[in-house]
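Student: Attaching a predicted model along with its sequence, questions to come.
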Amino acid sequence: MNIKNTQAFGAESPVAPLKELTIQRRETTATDVEIDILFCGVCHSDLHTVRNDWGGTKYTTVPGHEIVGKVISVGEKVSKFKIGDLVGVGCIVDSCRECASCKQDLEQYCIPGFTGTYNGTDKHLGGHTFGGYSERVVVDEHFVLSVPENLDLAAVAPILCAGVTTWSPLKHWNVKEGSKVAVVGLGGLGHMAIKLAKALGAHVTLFSRTPDKEKDALELGADQVIISTEDAQMAKVKGTFDLIIDTVPYVHDVNHYIPTLTISGTIVLVGYLGPLDPMLNTVPMILGRKSVAGSVIGGIAETQELLDFCGKHRITSEIELIKMQDINEAFERMLKSDVKYRFVIDMASLKKG
Ligand code: NAP
Ligand code: ZN
């Protein structure tokens, strides 16, 4: 198979800073789309992967799964896209397309496992996949999304992961006009969750540890902010929420939020991956028919549905545009929750060298 060298930014080990390097991309096959990457969002999962927080990171790692760009070439069987189209790629670049999950447009739950945009198994070249902190990417058209033309392109990028990761549970748990939704943590995922829940007609509450974020949360569409470390504020919302979306990236006490669910309410964990500490106490779950659930990103059709919804409702992410060369500092700031509310890399900075 023919390959093309591509400039990228990646890390050689969990403790190495990201730096410029050269990776290889395949030439387009019949069903592939080649994309010139214009912007790429910076997800906390990029940081978890580079630092090997979850184990299993394959080095050299090139993160980035909130990709927007322009189509620069297409394979001869591509029917959905043409050169010049504005497109996006999220967290999935392949799946088996045959299992029960794939047949229901739930590629994120592909039974043999979906191929991640980075750190996945590259079925074409061998080795592992490389993400969007790079000049170009080649992706099968099934996993490429159409981007609405009426939105700021850089601010669209985070919809591809932060957006759909919160949209999918909002839809699955049937959030609608009048639903009571709370979001834990005002970061990349959290701020998209507020905007999307609000656009669906929900009454939205933010749980945050950071009192300074209150004003922003209200401007983003939250109806109220509860400082989660203040017992009196927590008591005020006891028995309130139909759905809580918990975006906190590190281990924390999930029991703390369960009393704020209504009877039959659900807290869905989308952030922290791993065993809970302290453990869950089943008593309030059993006595209130409350659920603790999890959810991962969203399927391709669902991501397109969200992009179209965002185009219609003029929803984008709040971003801080950075140069590729500033990524190491951006990771440090993300660790301190110092980002309003998503870093997006202007990929022109990489191309200029
Ligand atoms: P982020 O921008 O860093 O935001 C996380 C927010 O959580 C922070 O702004 C902070 O909000 C709060 N927080 C951080 N550390 C905390 C701690 N130790 N205890 C309590 N609260 C804390 O991260 P993100 O990009 O939104 O990602 C959030 C998590 O979701 C990451 O773990 C990421 O890997 C994961 N993720 C999962 C999926 C999925 O499919 N399930 C997809 C994408 C990302 P406050 O200051 O308001 O408290
Ligand atoms: Zn992500």
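Tutor: Looks like it arrived, so ask away. Ligands and ions are numbered 1, 2, ... in the order given.
Student: what about Ile123, how many neighbours?
Tutor: If you look again at residue 123, you'll see it is Lys, not Ile. When counting by other CB atoms under 10 Å, one arrives at 11 neighbours for Lys123. C-beta here means a position set from N, CA and C on the backbone, and glycine is covered the same way.
Student: sec struct for it, please.
Tutor: coil (DSSP: H, G, I helix; E, B strand; the rest coil).
Student: Could you pick out the residues of the stretch 51-200 of the chain near ligand 2 for me?
Tutor: Neighbours of ligand 2 within the stretch 51-200 of the chain, by CB under 5 Å from the ion: Cys161.
Student: Which residues of the stretch 51-200 of the chain lie near ligand 1?
Tutor: Counting by CB under 6 Å from any ligand atom, the stretch 51-200 of the chain comes close to ligand 1 at 161-162, 165, 185-190.
Student: Can you tell me which of these is nearest ligand 1?
Tutor: Gly187 (1.7 Å; CB to the nearest ligand atom).
Student: separation between whatever residue of the stretch 151-300 of the chain ends up closest to ligand 2 and Gly64?
Tutor: Per CB to the ion, Cys161 is where the stretch 151-300 of the chain lies closest to ligand 2, at 3.3 Å. Cys161 sits 10 Å away from Gly64, going by CB to CB, to the nearest Å.
Student: Show me the helices in the stretch 1-150 of the chain, by range?
Tutor: Assigned by DSSP state H, counting those that start in this stretch, the helices in the stretch 1-150 of the chain fall at 44-50, 100-103.
Student: how many other residues sit next to Asp223?
Tutor: For Asp223, using other CB under 10 Å, the count is 15.
Student: Please work out which of the helices of the stretch 1-150 of the chain is packed deepest.
Tutor: Of all the helices of the stretch 1-150 of the chain, helix 44-50 carries the top mean neighbour count, a mean of 24, counting by mean count of other CB atoms under 10 Å.
Student: Pull the residues that contact that one.
Tutor: Here helix 44-50 makes contact (CB atoms under 8 Å, 6 or more residues apart in numbering) with 11, 14, 18, 53-54, 57, 61, 63-65, 118-119, 131, 133, 161, 187-189, 249, 271, 273, 331, 334-335.
Student: got it, and stretch 286-293?
Tutor: Contacts of stretch 286-293 (CB under 8 Å, 6+ apart): 169, 254, 258, 261, 263-269, 280, 284-285.
Student: repeat that with 7 Å
Tutor: Applying CB atoms under 7 Å, 6 or more residues apart in numbering, the contact partners of stretch 286-293 are 254, 258, 261, 263-268, 280, 284-285.
Student: So it, near ligand 1 or not?
Tutor: No - Stretch 286-293 lies out of reach of ligand 1 by CB under 6 Å from any ligand atom, never closer than 11.2 Å.
Student: Distance from the chain centre to that stretch, please.
Tutor: Centroid separation for stretch 286-293 versus its chain: 26 Å, with CA atoms, centre = their mean, to the nearest Å.
Student: now do stretch 260-276
Tutor: Per CA atoms, centre = their mean, the centroid offset for stretch 260-276 relative to its chain is 18 Å.
Student: what does stretch 9-18 give?
Tutor: 21 Å.
Student: For that stretch, give the mean pLDDT please.
Tutor: The average pLDDT within stretch 9-18 is 98.
Student: Could you list the buried residues of that stretch?
Tutor: 9-11, 18 (16 or more other CB atoms under 10 Å).
Student: For those residues, give me CSV that also has distance to ligand 2.
Tutor: Shown next, in CSV, are those (distance: CB to the ion, whole Å):
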residue, distance to ligand 2
Phe9, 17
Gly10, 16
Ala11, 17
Leu18, 16
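Student: Could I get the full set of strands for the stretch 1-150 of the chain?
Tutor: Assigned by DSSP state E, counting those that start in this stretch, the stretch 1-150 of the chain shows strands spanning 3-10, 19-26, 32-42, 67-74, 86-89, 92-94, 115-116, 136-140, 145-146.
Student: Show me what the second one is packed up against.
Tutor: When contacts are defined as 3 or more CB pairs under 7 Å, 6 or more residues apart in numbering; DSSP states H and E, strand 19-26 packs onto strand 3-10, strand 136-140.
Student: Check the first one too.
Tutor: Counting contacts by 3+ CB pairs under 7 Å, 6+ apart, the secondary-structure elements packed against strand 3-10 are strand 19-26.
Student: try 8 Å
Tutor: The contact analysis (3 or more CB pairs under 8 Å, 6 or more residues apart in numbering; DSSP states H and E) places strand 3-10 against strand 19-26, helix 348-351.
Student: Out of those, the one nearest ligand 1 is which?
Tutor: Nearest to ligand 1, of the helices and strands packed on strand 3-10 and by CB to the nearest ligand atom, is helix 348-351 at 21.1 Å.
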